[in-house]
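Novice: build me a model from this:
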Amino acid sequence: MKDIFKRHPRYPAQREKFEALPDNLWIRCPKCQELVYANELESNLRVCPKCKYHFGLTARERIDATLDEGSFHELDANMRSVDPLRFSALEGVYSEKLEQYAEKAGTAESFLYGHGAIEGEPLVFGVTEFKYAGGSMGAVFGEKLVRAIELAERESLPLVTVSSGGGARMQEGTVSLMQMAKTVAALNRFKEQRLPYISIMVDPCLGGMTASYAMLGDVNMAEPGAYIGFAGRRVIEQTMRQKLPQDAATSEFLLHHGMIDLVTPRAEIPSLLGRLLRMYVTSKASSRREPVAQLA
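Specialist: Model prediction:
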């Protein structure tokens, strides 16, 4: 519409009016191809009101959409990746790319964690930032996740993570692959304390992320339509030399085949987490009372 009035100078008032409009006033939904008013999309937690397609959220937006307002207190916010291999490729030197990732994402790394609360229930909350190197797992990602697990263990708190990324960060080589074993070992120690771990997977959740900690929740849930798996669709089809079902590797497909427990719309996740956390608190209190009852 702007272009129409730009091409017709005899409508100066209309031309000025449309040139003053922001370019991002409307957003086209990639699923239904309908135009959605940007403010309406934001007020709907970035879920298309017409087809329910879930747009991506930044880590900060995810925190705001999930936790009680003002309850999140981030820890180790200034931990940053380094370039242990002095890696360089056609797209640039890794050390320089790290600075670009940080500037683009507004975070120092691809994983954030800290204390938080959902419906008044305290927990340790960790979330990936997809804008930072595609949410990939490097040494700092793994270290921060392990620190989140150990914090929850020390303070006897539930752990909730939201995962979205492409797996291990190839620029850090074997160091990044080690994060899979490192995070799984930490989770095993955590579960020995009979503390709950809830894993939420959002689009996309791939590679070493799903091959390690993201699939090890006591409750594994996902948003509708999320692509979850190890490799991308094209890689699988080229390897198998056959077409995959249209819904393969979606959260609904994984639910149908028993690989995850729940598919939950974004707006319903906080209330569901609140119920799960209250069940944990009730169960924990009951287990503490049992020995007393037995002695009596």
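Novice: show me where the chain has helices.
Specialist: 2-6, 12-19, 38-43, 59-66, 94-105, 139-154, 173-191, 233-240, 251-256, 269-295 (DSSP state H).
Novice: can you add distance to Ile118, mean neighbour count and mean pLDDT and give those back as a markdown table?
Specialist: Backbone N, C-alpha and C define where each C-beta goes, glycine included. Formatted as a markdown table, the helices of the chain follow (distance: least, Cβ to Cβ, whole Å; neighbours: other Cβ atoms under 10 Å; pLDDT from 0 to 100):
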| stretch | distance to Ile118 | mean neighbour count | mean pLDDT |
| --- | --- | --- | --- |
| helix 2-6 | 43 | 12 | 50 |
| helix 12-19 | 44 | 12 | 50 |
| helix 38-43 | 21 | 12 | 93 |
| helix 59-66 | 7 | 19 | 96 |
| helix 94-105 | 24 | 16 | 92 |
| helix 139-154 | 14 | 21 | 97 |
| helix 173-191 | 19 | 17 | 95 |
| helix 233-240 | 33 | 12 | 85 |
| helix 251-256 | 21 | 19 | 95 |
| helix 269-295 | 5 | 13 | 73 |
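Novice: any chance of the ones you listed in CSV, plus distance to Val124?
Specialist: Output for the helices of the chain, formatted as CSV (distance: least, Cβ to Cβ, whole Å):
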stretch, distance to Val124
helix 2-6, 48
helix 12-19, 49
helix 38-43, 28
helix 59-66, 13
helix 94-105, 22
helix 139-154, 4
helix 173-191, 10
helix 233-240, 33
helix 251-256, 24
helix 269-295, 12
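Novice: which among those helices is found nearest to Tyr113?
Specialist: Of all these, helix 139-154 sits nearest to Tyr113, with 3.9 Å by Cβ to Cβ.
Novice: so that closest one versus helix 94-105, what angle?
Specialist: Inter-element angle recorded for helix 139-154 and helix 94-105: 60 degrees (by axes from the mean of the first three to the mean of the last three Cα atoms, to 10 degrees).
Novice: any idea how far helix 139-154 is from the chain center?
Specialist: 16 Å (Cα atoms, centre = their mean, to the nearest Å).
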